[in-house]
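let me see the structure of the following:
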Amino acid sequence: MEENQTMVTEFVLLGFCLGPKIHQILFACFSLFYAFTLLGNGVILGIICGDSRLHSPMFFFLCHLAIVDIAYACNTVPQMLVNLLDPSKPISFAGCMTQTFLFMAFAHTECLLLVVMSYDRYVAICHPLRYSSIMSWRDCAALVITSWTCGSLLSMVHMSLILRLPFCGPHEVNHFFCEILSVLKLACADTTLNKVVIFAASVFILVGPLCLVLVSYTRILVSVLRMQSGEGRKKAFSTCSSHLCVVGLFFGSAIVMYMAPKSQNPEEQQKILFLFYSFFNPMLNPMIYSLRNAEVKGALRRALCKETHSQLV
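Down below sits the predicted model:
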């Protein structure tokens, strides 16, 4: 039986089967969204790095969130755009596995970063006098390094289980990128262990962090409601509401994809969810933070004024 099997060396991403004209419209729209994603997150990085007033732990974590969002988009969108123009163009096996690994690594890292950011807000609001000692730069760096390391290690666990599987056909991935569940459907072996590990990892990396975030924000809410200053209460709500928007978008879509019961036609619905999860979230994050955060808006105005002044001189 095994002698007649031909191992797959490349995959074809089916993407969105909607016809050439719709593909051209989607290509134009997604290219524009991709540009906005890179520009928005790039501006966030530039503003934070260039303005010394934003050199604080909160914006340090926001920088890393912007890096993850750029990496998300660069990992999945270019291949999706290529497939919209040429649906039959394949992706190599190595390229597909690399895309799967990077997507999971960035997803896990973002989960942990959002927990770290919620802890940072908890310390800032509930223990303001001890903030500088608790959130020292050494501790902040350790939290970020831990987030990136754990995200990469968890992704390596998934990849080690995938690479032990034989792929002998079919070679068509019913997705717009090499998403792990879609790739597993093409394996010529039992994938029960892989699916169990994916579910267990989802509990660990989604449910666990989400509970920690909710605990942090419950305690933040209690502290904010006890504040005497209306201005301080407004500032706290403004800062935390932007973070909660990102948390809701990210964890909500991720839990639905990996932990909710599957419907009768899950594949097309999952494509839309993944599009939102891996494409629109990275584009919306800088908009949410820049529109909701007074310090970021102030830094942007200062940068624009400085640029205008330098041009006039």
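
so which elements touch the helix or strand encompassing residue 240?
For residue 240, the host element (DSSP states H and E) is helix 230-258. Helix 230-258 is packed against helix 93-126, helix 192-202, helix 208-225, helix 266-275, helix 281-292, with contacts defined by 3 or more C-beta pairs under 8 Å, 6 or more residues apart in numbering; DSSP states H and E. For glycine as for every other residue, the C-beta is placed from the backbone atoms N, C-alpha and C.

other SSEs contacting the shortest one?
Contact here means 3+ C-beta pairs under 8 Å, 6+ apart; on that basis helix 266-275 packs against helix 230-258.

equivalent analysis for the first one, please.
Using 3+ C-beta pairs under 8 Å, 6+ apart as the contact criterion, the secondary-structure elements in contact with helix 93-126 are strand 10-13, helix 57-85, helix 131-134, helix 137-163, helix 180-184, helix 208-225, helix 230-258.

sorry, back to before: buried set for the helix holding residue 240?
For helix 230-258, a neighbour-count test (16 or more other C-beta atoms under 10 Å) marks 235-237, 239-240, 242-247, 249-251, 253-254, 257-258 as buried.

quick one on the thing from earlier: and the helices and strands packed on helix 93-126: which comes nearest residue 199?
With C-beta to C-beta as the criterion, residue 199 lies closest to helix 230-258 of these, at 7.4 Å.

chain center to that closest one, what's the gap?
With C-alpha atoms, centre = their mean, to the nearest Å as the basis, helix 230-258 stands 14 Å off its chain's centre.

now do stretch 45-59
21 Å.

then stretch 143-154?
14 Å.

am I right that residue 26 is in contact with residue 83?
No: taking C-beta atoms under 8 Å as the definition, residue 26 is not a contact partner of residue 83, at 10.3 Å.

ok, back up a step: and the helices and strands packed on helix 230-258 as JSON lines, adding mean pLDDT, distance to residue 69 and mean neighbour count?
Below are the helices and strands packed on helix 230-258 laid out as JSON lines (pLDDT from 0 to 100; distance: least, C-beta to C-beta, whole Å; neighbours: other C-beta atoms under 10 Å):
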{"stretch": "helix 93-126", "mean pLDDT": "91", "distance to residue 69": "8", "mean neighbour count": "21"}
{"stretch": "helix 192-202", "mean pLDDT": "89", "distance to residue 69": "21", "mean neighbour count": "14"}
{"stretch": "helix 208-225", "mean pLDDT": "85", "distance to residue 69": "17", "mean neighbour count": "16"}
{"stretch": "helix 266-275", "mean pLDDT": "72", "distance to residue 69": "15", "mean neighbour count": "16"}
{"stretch": "helix 281-292", "mean pLDDT": "75", "distance to residue 69": "3", "mean neighbour count": "20"}
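
residue 183: which of the ones you listed is closest?
That would be helix 93-126 among the helices and strands packed on helix 230-258, by C-beta to C-beta, at 6.1 Å.

quick check: angle from the closest one to helix 208-225?
Calculated by axes from the mean of the first three to the mean of the last three C-alpha atoms, to 10 degrees, helix 93-126 forms an angle of 20 degrees with helix 208-225.
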